[in-house]
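A.B. asks: Quick one, structure for this:
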Amino acid sequence: MSASQEAVAALVSQVEQSVVGQQHVVESLVLGLLTNGHVLLEGLPGTAKTRSVKALADALHSSFGRIQFTPDLLPSDVTGTEVYQELDDGSGKSKPQLHFQPGPIFNSIVLADEINRAPAKVQAALLEAMAEGTITVGEQTHQLPDLFMVLATQNPIEQEGTYPLPEAQMDRFILKVTVDYPDDDAEMDIMRLVRSEETSNNTRVQQQNIPSIDPIHVLKAREEIAKVEVSEIAERYIVALVMATRHTNRYPESNLSRWIQVGSSPRATIALDKCSRAYAWLQGRNYVQPDDVRAVAHGVLGHRLTQSYDALAEGISAKQIIDELLDTVAIG
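C.D. replies: Numbering: from 1, shown residues only. Okay, the predicted model is just below:
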């Protein structure tokens, strides 16, 4: 096991100590981090979405920014803006000059809370940051940190005063994770964890004593993941899964043609490849197996499908469609 793998394993362990019963969420956050992608967390209030993101930032000891999205939010509230500031011109006199004041997007880990409550202009400003790693304000383009990740949350039930994300922006998220309610045992553990944090009365001291995980290990891990080998069988399986969402008539015996209206874009193929390699690397392997592809398929493909009227009428979820997809498409 390399030093980077040991560091990432320690990162996962630390985050799981703060987040109970949501192991798949922690795994998805780490996958997004390793693939230099962004993750969308969808779940009801109180399911530890925000806590998971903050725990990841604390464990990484990296800069953390939180943006609470509201309908009256402006793009400059996210990106920052140019302000006049009195600066010395070298002659002992000061004169007002435009100075860029960075917004909360200029952090390594950015929590976009309730992203679907922001209007289209704010979502568009965030889109450039996610796609290009830059922010343009006025005539100046500003570079975001090398370690940059947007973790967005949204509530699937409360839709009053919301602006649903367009498909083009949904496609920018490498993974979408559904955060469900915990089971009985996890609920008990959550209650005990919060009680212990209250009674200990030194939560801040405990956070300060968290062992530091150097973010450089994440950048090195990305270099190692880029070298993970993908066999032609795994490549063909990735392509077959994506093509099955577009050409559902190839599988007339399945329900895909009834449930899928619009299939996945080429970004889905790229995301499946990246996430499969990262998942294999997390398992300690330098090659991808078809099971690695299957393991990440729900997170990668679920939000890149447009459900048909029949699927919506029958209450078929994206998870059920991906299950049908994995049962239908053969390996090899």
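
A.B. asks: Domains in the chain, by residue range?
C.D. replies: The chain breaks down into these domains under automatic domain parsing: 3-73+105-217, 228-328.

A.B. asks: Quick check: which of the ones you listed is nearest to residue 94?
C.D. replies: Nearest to residue 94, of all these, is domain 3-73+105-217, at 22.0 Å by CB to CB. (Each C-beta comes from the backbone N, C-alpha and C, glycine too.)

A.B. asks: from the chain's centre, how far out does that closest one sit?
C.D. replies: Relative to its chain's centre, domain 3-73+105-217 lies at 7 Å (CA atoms, centre = their mean, to the nearest Å).

A.B. asks: try stretch 272-291
C.D. replies: How far stretch 272-291 lies from its chain's middle: 18 Å, per CA atoms, centre = their mean.

A.B. asks: Just want the most central residue of this structure.
C.D. replies: The residue lying closest to the centre of the chain (CA atoms, centre = their mean) is residue 39, at 1.1 Å.

A.B. asks: Skip the chain neighbours and tell me the closest residue to residue 178.
C.D. replies: Once flanking residues are discounted, residue 178 sits nearest to residue 42: 5.6 Å by CB to CB, 6 or more residues apart in numbering.

A.B. asks: looking at this, the one you found is in a strand?
C.D. replies: Yes. Residue 42: assigned to a strand according to DSSP: H, G, I helix; E, B strand; the rest coil.

A.B. asks: pretty sure residue 97 contacts residue 84?
C.D. replies: Yes. If you go by CB atoms under 8 Å, residue 97 and residue 84 touch, sitting 7.0 Å apart.

A.B. asks: Counting neighbours, go ahead and name the busier of those two.
C.D. replies: More crowded of residue 97 and residue 84, by other CB atoms under 10 Å: residue 97, with 13 against 10.

A.B. asks: Report the secondary structure state of the more buried one.
C.D. replies: Three-state assignment for residue 97 (three-state DSSP): strand.

A.B. asks: ok so residue 83 is a strand residue?
C.D. replies: Yes. Using three-state DSSP, the secondary structure at residue 83 is a strand.

A.B. asks: which SSE is the closest residue to it other than its chain neighbours in?
C.D. replies: Among residues not flanking residue 83 along the chain, residue 101 sits closest, at 5.2 Å (CB to CB, 6+ apart). Here residue 101 sits within strand 94-102, counting by DSSP states H and E.

A.B. asks: looking just at contacts, which helices and strands does the very next helix or strand once past that strand meet?
C.D. replies: Using DSSP H and E, the next helix or strand after strand 94-102 towards the C-terminus is strand 109-113. Helices and strands touching strand 109-113, by 3 or more CB pairs under 8 Å, 6 or more residues apart in numbering; DSSP states H and E, are helix 49-60, strand 64-68, strand 149-154.

A.B. asks: and strand 109-113 with strand 149-154, angle?
C.D. replies: 20 degrees (axes from the mean of the first three to the mean of the last three CA atoms, to 10 degrees).

A.B. asks: helices or strands next to the helix or strand that comes right after strand 109-113 in the packing?
C.D. replies: Counting by DSSP H and E, the element after strand 109-113 in chain order, helix or strand, is helix 120-132. Contact partners of helix 120-132 among helices and strands, from 3+ CB pairs under 8 Å, 6+ apart: helix 75-79, strand 134-137, strand 149-154, helix 167-170.

A.B. asks: ranking these by burial, who's on top?
C.D. replies: Comparing those by mean neighbour count (mean count of other CB atoms under 10 Å), strand 149-154 comes out on top with a mean of 26.

A.B. asks: Contacts made by that one with the rest, please.
C.D. replies: Residues outside strand 149-154 that contact it (CB atoms under 8 Å, 6 or more residues apart in numbering): 29, 32-33, 36-43, 49-50, 53, 56, 108-116, 126, 129-130, 162, 165, 173.
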